[in-house]
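Compute the structure for the input listed below.
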Amino acid sequence: MVKFIESELVLLKKEIDEMWTLVYNQLDRAGEAVLTFDRELAQQVLVRERRVNALELKIDSDVEDIIALYNPVAIDLRFVLAMLKINTNLERLGDFAEGIARFVLNCKEPVLDPELLKRLRLEEMQGQVLAMLELAKKALQEESQDLATSVFAKDNLLDEINAEATTVLADYIAQRPETVLPCLNLVSVFRKLERSGDHITNIAEEIVFFIDAKVLKHSGKTDEHYPLTKK
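Numbers count the residues shown, from 1 in each chain. Predicted structure coming up:
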């Protein structure tokens, strides 16, 4: 029985890794599509979203089977539950990538001013989201609580850029009223990237839970200290 559950857990981790890579690429393509106004790239994101949804359902089903057939306990149970929640958060990140891609497909020319995008720090925000996702993945692979908790502080930059974007866009619209619709739609892109950071933080919390049986959710995390509550 032990050998069987070990092999199932290995397969589950491989599936999560596949989901992680797929979602990372989705966010990467969606961000690049916005920065370059590449409609073909945006369309690719929409097509691949079906793969994200299918893989999420497959992982959910496999988790249910593991729990039903093997009744995991202790660290094995924590791992399975963490993978289930990570899978859900990854699927939501895929949804955000799709939403960002749709902005490009729905946006009518003229294309937004490249100088505006630079002032908005959109590329920096996109890079930070990808860096957080990559760091969280490394934390899981190495089973490192330190790497997982280091994800939290990185979310602050996303909050900062998102907060500044509204002011920048308001000033831009005041000078160029004809851009009001694409600018307002662009706000949703920043919101999705900011929410992506929240979901990656959730993923990091699940990694800590798996590694050390500690729950960080609703623990009042700050940049300098992360109170941990034993489960």
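
ok, residue 203 - how many residues close by?
Per other C-beta atoms under 10 Å, the neighbour tally for residue 203 reads 25. Heads up, the C-betas are built off the backbone N, CA and C, glycines and all.

Next one: it from residue 102, what distance?
Residue 203 sits 24 Å away from residue 102, going by C-beta to C-beta, to the nearest Å.

How far away from the center of its chain is stretch 14-22?
Remark: stretch 14-22 is offset 13 Å from the chain centroid, using C-alpha atoms, centre = their mean, to the nearest Å.

buried stuff in that stretch?
15-16, 19-20, 22 (16 or more other C-beta atoms under 10 Å).

Dump the residues you listed to CSV, plus distance to residue 141 and secondary structure.
Shown next, in CSV, are the buried residues of stretch 14-22 (distance: C-beta to C-beta, whole Å; DSSP: H, G, I helix; E, B strand; the rest coil):
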residue, distance to residue 141, secondary structure
15, 14, helix
16, 10, helix
19, 14, helix
20, 10, helix
22, 16, helix
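
Pick the one among these closest to residue 209.
Distances from the buried residues of stretch 14-22 to residue 209 were compared by C-beta to C-beta; the smallest belongs to residue 16, at 14.7 Å.

looking at it, that closest one is touching residue 83, isn't it?
Yes: if you go by C-beta atoms under 8 Å, residue 16 and residue 83 touch, sitting 5.4 Å apart.

Quickly list what's touching both of these two.
Shared contacts of residue 16 and residue 83 (C-beta atoms under 8 Å, 6 or more residues apart in numbering): residue 59.
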